[in-house]
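Colleague: Fold the stuff below for me.
(2 chains)
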Amino acid sequence: MVSELHQTQVDLDGLLDVLGKNLYSTPFVAVRELIQNAHDACIRRKLEADDIQDFRIRISTDSNTKTLIIEDNGSGLTYEEVKSYLATIGAGYTRLLRQRSNTDEMVGYFGLGFLSAYVVADRVEAWTTSYQTPDKTWHFSSSGGKRFVLQEAQSAADVNSSNVGTKVLLTLKQDFAELSEHPAIFSLIQRYCCLLPIPILVNGSETPVNNVLAPWLLDESASQLQQKKKQLEFANIFEDSFEPLCTFPIPENNQYDLKGLIWVQGGSGYSTSDFRNVSIFIRGMFISNECRDLLPRWAGFIGCVLESEQLVPTASREDIQKNDHYFLVQEYLKDILINGLCDIAKNESANWRRVLSRHNQALLGAGVSDDSLFEVIHNDLKVPTSMGDMTLPAYLKQSGGGLYVRNEDKNSHEEILFRAQLKPLVLGYLFAALGFCQKFGERNNVKVHIIGIGNNKNDLFQEISVNSDHHAKLARLFEGNNEKLICTKFSPAFIPMVIIDDQETLLKKRVEKDDADKRIGRAALSLARLHTQNISQDIERRVYINMDSPLISRLIEMGESLSEHFSNTIRSYMESLSHQTDSEESVFSDKLQKFSDSLIALTEKDAL
Amino acid sequence: MNIWQWVYDLEDELHESGNSRLATLVEQVPHYAANNDFEKLKLVYPEALALARQYNYPWLEIFFRHWYLQNQVIIRKNTKGLLSEAVDLLEFSHRQDNKDCPQRICTVQDLAVCYQNTDGPGYAEERIEVSLETLSQIDSSWPCYTCIYSEYIDALIDKGDLDQALREIDIVRSELLKRGVSLNKTKLSYLEVFVHLEKGEYEQAEILAREATNHTSDHIDRKRKFLYHALCLGHLAQWEEADAIQVSFEDVLESPYLFDVWLKLQKLKIKNGIIQNTEELDHRFHLIASLFLKNGTYRSAINVALYQAELALERGAVIVAEICANRAESVRGQLNKDLGVSEKLADIRKRIGEINHQESVCQQATPEEFLELQFRSSDEALVQAYSALRQWPDDDRILVRLVEILDSIGCAQEALELLRKSFSLDRPRIVLVYGHILIDQGEGETFLKTFQEVTPESVSEEVYCNICWLFSRYYRSTDLKLSYEYLCKVIERRPQSRNATIQAAQSEQKLGYYDRAVSHWTSLIEQYPEETDFHWDRMVPATISENWPTVHESARVLGIELPVDEGPIYCEGGHLRLRFQNDNGEYQDYTAVRTGPVTAKVISLYRLGEEQRYGVEVVFDPVPRNQLDQEDEEGYPMDREGYYTYLYDVFQEIRKPKYEYFDLDGVHPGEEALKRIFKELDALDVFVQVRSSDDYEVLVDGSENAIKGLYAYMAVPESTDLASVNNILKTLIAKFEHPLIWPSLAEEAGDSELLKLHAQAEEKYNL
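Modeller: Predicted coordinates for the structure are as follows:
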């Protein structure tokens, strides 16, 4: 019996620490690497020995002893191979064989796989019997990886029933003891090894954990409905929190050699939540779920599984290199996603209703970001309004053609008008509502009126010409300093007037006020005044008089004294209705006082 | 000075007081703003601002508005329409109540950057003054110190005072060092790189670029660092290394703060022959120039346009050069100071003029030959199209082709301008194209101004029809009636117009003018007898208006067998699904039975509490929303979602009987007894629908044996006396071993005794 103490071919001081912290950030990566080794060993035996075995990978866990065993009936290793490949970092046999045999069946890349075992285990042991020397079984053991013992094993039974193959036993570090728990390892393997062709059996079960067929490998003759069912089952494996709602496959034979499945998640968080879920496989082996940016930023409710041989893993095989191909795939996926959503909208009406009901808010945001998606969803999404959520076509029906948005949750004269007309106002201050309305307006030639911002381009009211005496009287009664009276008509007729401040003029007034330089630095103020000097007008507010109002008609007919009290009553009443916050120029109690005074004056005997 | 402390404190306070939404926004707004995630910022910003105002947090309002402006003016280089906001914010943040808000300092920078964007060199003096004034209010312990200093140094660079800029950078460096902060971890490091590059100190610049890291945002900094480093390497002629550093153009396009350095890198590459002066590159410059223009970043827009013009002249693309020169000219007035722009522009104009003396002549013999040409490049296409237009100035097809070419190379404004110049009310094709482009580009006001005053007498019939067609499109979404009136004007003059007739018929149906719709569909049927789909279309308004002879006629043509040869049609046939739209635009689907070619009656119930439509009769749109193109295991056709029935949109409800809805719960009485219940209630026009499946079981209290349960809905016509229904049920149930209960109906019927019994049964059977 040979028993030798060897030194590994690389000084491992510090390297494992680095690997543990950086190269392999999740413990499952170590298991994945060992399963990958087992898989490649099986392929190697098939290729080199032309042996059509019933290949199996068996996993056993024991949480009491904190051990994890990974066992295969693949090629096994000879004494020399153990020394060359098991103990030499970066010298994986897979790469060599792939080059020699020109096969894509093998999944290993860098020869770092076995090293990962030391990241999670205090002690690593392996028993291996090569198909080339089936009568010799080698036992490799190492604690920490710096040195290892290699000796001939006493019994071939230590390996497996068919003699040839490898068994790796990890005695796990305390921090990674979860890898010896059956449920944890089962679900990890189910998710991450589901595309490997060789059956993986866990803890004595003869039913492979990875008995799921990727939807893109399904028999083409399967009906579309069956395929959908399988796709949903498959997607479900990859979603922890949300059941997939509906799926769409990535078209076959695309130029990016991409296979996969995209799905809409069944649940959602808040509108800005980002639950993008992307799992990437290369040659059947899970590589990463860190590439969420392959999906557009707005797709926070989308999951997908991708398999491609053209995506290149990083050295740790935990991430994908962000090369040109990566960005092309990113673009391509965006198109596929939009086409897929479009297809669901068009052909799966029940599913589309579910998508809308769960992801209305997220889709509002997505629609604002993406033009082509907007085209698909613009008529179906609901926006928040003062009369409940509704789609924009439904809104337009109720509003009579325009899109009226308020950007603040506060009163204004215009808002009173809408409330009186029983017309909805879009609550533009809620998530994405304003952006969505603006885009809808642009695309559909619908004017978006933002109310309450008051400027000289107010287009809610069109000025009409009236009898000049009437105009003069109304101006005398209603037009204050720096105000402009505009005669107009609007419904409902029982609202006599609307007053709208001109924000630009008010800004000019504030900035150009004498005391502004006490608050603002001279240079900064000069810069600000460069702007306000260009605001030429001095009208601070516009008073829109509703010539359809019976109150106004009555006012026009009244004598001077009565009409003055009457106009004061009207104005103070309307101003108190829309009063927001007290300011130097506008105090709520003053308005009410004026209302009360004018009402009393109005009912004085003299006035009557 | 920790200018963030009050933000953290307020965030905690908001969380504690349950206002977690606002607390979340306090985190999200600066995060999205600083990371150039504008797509998300614009979605949450209005909400953040509204909540800050609603809860009366003026400092928070300043905070949100400042971050929004930071994103817009610094990262996205967008000043258009934001100058008012910057001035307003400055004023608001300096009010007495807000004077201690640290972010008031930032608002000065926001305003200064607006002017920097508009015309950096033109406002250099003002910016220097503002920066110095602001710096005098803070010290190096403020994070704002480096921001304001950046603005100051930027202004010095714009003024051309590079040495002073370097001296100031040294002052900042030593100030920061006193606080243990390295300059190369601030945004000033890139300004230092820039100054060294401008001074031709490339080695020094390269070292600094390599070491620069900005602490504010990795995402943003990474790309900026790459580009600056590549620029330095390029200056050192280390092109292999420079090319290894890659930032995609798509990335650049998303990040306007990178435009300037990217442009410098491209210029250097062209100068050194690393890349070629091609149309593709010009297209990229063009995208950037357009964004600068759109954002009101005028000085930069002019610089790019002038550079593009030079490149175009080198390529011999004289028309592109002219377009660029015009573009620069169009915004020259926005600059505060000319600073050599006019001179450069005049030089380019002169060179354009020299080349234009050798104008190419169109080689084609006829306009048709020209229209069939394929071009190798857009430069060539432009030259050829302009030549052709000179040769055949009145051929609208050539003008339209030229407009298309301009549009395809991203010169939409120039295309529109060309149309505007060529527009005349005696050119029908131009009228149509111009009108459509105005509508497409959202230029509604110009559209109205251009066409509103046109009368049928003032133009040819063709032009008038085109204008009416445009107006019909313009008003389609907002004022269908007006849109329809314009269609009528078209049809009046062109009764054979297929598109206008179809559009008119569809509008009439929506407006309730059913007889007119029938008449228009009939006209189409007569013109296109082979298109039988028009018969389906016609049956919709004909059925609503009870025009039975027309319905029968179309049914005969379509081979639909009806139980009667004339008069009203009502025969219950196969099942289908109907899609109703609620007032808020939401959809609800109901199972229905077909009662005629385009009519159906709802026969299903929704969950109680939701809108019910049992018995509603409708006319539906005969084009199904789904296709039964799949098969189940037994070969039955179904759709992709597993439905066996077609789904149709409801066009109009024609009968809406009123029902009240109740539930029936308890132990299943057996199939025979259930049939009896159905029969007896049916006699009162009560419809019962079993909702429970075979799995529904009820447990008798105290027993372990579950018994098969029954849960059903009853739709009772409003005209039916509830007491009668209640009595029938009581009579029937009396014979059952176990009870059924209907408490909501019993309550409505006023049967309080029964309610008590129901309550007992509810408890006993765990219902």
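Colleague: which non-adjacent residue is nearest residue B:667?
Modeller: residue B:738 (3.5 Å; Cβ to Cβ, 6 or more residues apart in numbering or on different chains). From N, CA and C alone the C-beta is placed, and that goes for glycine too.
Colleague: so the one you found sits right up against residue B:707, yeah?
Modeller: Yes: when contacts are counted by Cβ atoms under 8 Å, residue B:738 is listed as touching residue B:707 (6.8 Å).
Colleague: Which residue ranges of the stretch 401-550 of chain B form helices?
Modeller: For the stretch 401-550 of chain B, the helices defined by DSSP state H, counting those that start in this stretch occupy B:412-422, B:428-440, B:444-451, B:461-475, B:480-493, B:498-511, B:514-527, B:533-544, B:548-558.
Colleague: Could you tell me the angle between the fifth one and helix B:498-511?
Modeller: For helix B:480-493 against helix B:498-511, the angle by axes from the mean of the first three to the mean of the last three Cα atoms, to 10 degrees is 140 degrees.
Colleague: Is helix B:480-493 in proximity to chain A?
Modeller: No: contact of helix B:480-493 with chain A (Cβ under 8 Å from any Cβ of the partner chain) is absent, the minimum separation being 9.0 Å.
Colleague: what packs against that helix?
Modeller: helix B:461-475, helix B:498-511 (3 or more Cβ pairs under 8 Å, 6 or more residues apart in numbering or on different chains; DSSP states H and E).
Colleague: I would like the residues contacting the first one, please.
Modeller: So the one you mean is helix B:461-475. Outside helix B:461-475, the residues that touch it by Cβ atoms under 8 Å, 6 or more residues apart in numbering or on different chains are A:445, B:425-428, B:431-432, B:435-436, B:439, B:444, B:447, B:451, B:454, B:456, B:459, B:482-484, B:486-487, B:489-490, B:493-494, B:497, B:500, B:503.
Colleague: Report the spatially nearest residue to the residue in the stretch 451-600 of chain B that chain A sits nearest to, omitting neighbours in sequence.
Modeller: Residue of the stretch 451-600 of chain B nearest chain A, by Cβ to the nearest Cβ: residue B:585 (2.7 Å). Sequence neighbours aside, residue A:391 is the residue nearest to residue B:585 in space, at 2.7 Å (criterion: Cβ to Cβ, 6+ apart).
Colleague: Could you check how many residues crowd around residue B:273?
Modeller: Residue B:273 is flanked by 9 other residues according to other Cβ atoms under 10 Å in any protein chain shown.
Colleague: A strand includes it, no?
Modeller: No: counting by DSSP: H, G, I helix; E, B strand; the rest coil, residue B:273 is not found in a strand; it is coil.
Colleague: Break chain B down into its domains, please.
Modeller: Segmentation of chain B into domains, based on automatic domain parsing, reads B:1-119, B:367-558, B:575-655, B:659-764.
Colleague: Tell me which of those domains sits nearest to residue A:400.
Modeller: Nearest of these to residue A:400, taken as Cβ to Cβ: domain B:367-558 at 8.5 Å.
Colleague: ok, residue 432 - contacts?
Modeller: By default, I'm working from chain A. By Cβ under 8 Å, 6+ apart, the contact set of residue A:432 is A:271, A:361, A:364, A:365, A:367, A:368, B:43.
Colleague: Sorry, I should have been clearer: chain B.
Modeller: With Cβ under 8 Å, 6+ apart, residue B:432 has these contacts: B:466, B:469, B:470.
Colleague: pLDDT score assigned to the last one?
Modeller: Put plainly, it is residue B:470. pLDDT, residue B:470: 96.
Colleague: Now do it: how many residues are near it, please.
Modeller: 21.
Colleague: The second one too?
Modeller: Burial of residue B:469, expressed as a neighbour count using other Cβ under 10 Å, amounts to 23.
Colleague: again with residue B:455
Modeller: Using other Cβ under 10 Å, residue B:455 has 7 other residues around it.
Colleague: Next, show the common contact partners of residue B:738 and residue B:707.
Modeller: Common neighbours of residue B:738 and residue B:707, using Cβ under 8 Å, 6+ apart, are B:667, B:700.
Colleague: Show me which residues of the stretch 551-700 of chain B sit near chain A.
Modeller: Contacts of the stretch 551-700 of chain B with chain A, taken as Cβ under 8 Å from any Cβ, map to B:579, B:581-587, B:589, B:625-627, B:630-632, B:638-643, B:647.
Colleague: PyMOL command to pick out the buried ones of these?
Modeller: Buried subset of these, written as a PyMOL selection, criterion 16 or more other Cβ atoms under 10 Å in any protein chain shown:
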select buried, chain B and resi 579+584+585+586+587+589+625+626+630+638+639+640+641+643+647
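Colleague: Now the residue of the stretch 151-300 of chain B found nearest chain A. Its backbone dihedrals?
Modeller: In the stretch 151-300 of chain B, the residue found nearest to chain A is residue B:248; the distance is 6.3 Å by Cβ to the nearest Cβ. Main-chain dihedrals, residue B:248, degrees, to the nearest 10: phi -70, psi 160.
Colleague: What parts of the stretch 101-250 of chain B come near chain A?
Modeller: Within the stretch 101-250 of chain B, the positions adjacent to chain A are B:108, B:111-112, B:115, B:126, B:129-130, B:132-134, B:137, B:248, B:250 by Cβ under 8 Å from any Cβ.
Colleague: I'd like to know which of those residues are buried.
Modeller: The neighbour count (16+ other Cβ under 10 Å) marks B:108, B:111, B:112, B:115, B:126, B:129, B:130, B:133, B:134 as buried among those.
Colleague: What segments of chain B are strands?
Modeller: For chain B, strands defined by DSSP state E occupy the ranges B:575-581, B:587-596, B:599-602, B:617-620, B:630-631, B:637-638, B:647-655, B:659-667, B:687-690, B:697-699, B:706-717, B:740-741.
Colleague: go on, the stretch 301-450 of chain A?
Modeller: Assigned strands in the stretch 301-450 of chain A, in chain order: A:302-308, A:382-383, A:390-391, A:403-406, A:426-427, A:448-451 (criterion: DSSP state E, counting those that start in this stretch).
Colleague: Where does the prediction get shaky in the stretch 351-500 of chain A?
Modeller: Applying pLDDT under 70 to the stretch 351-500 of chain A flags the ranges A:409, A:411, A:452-459.
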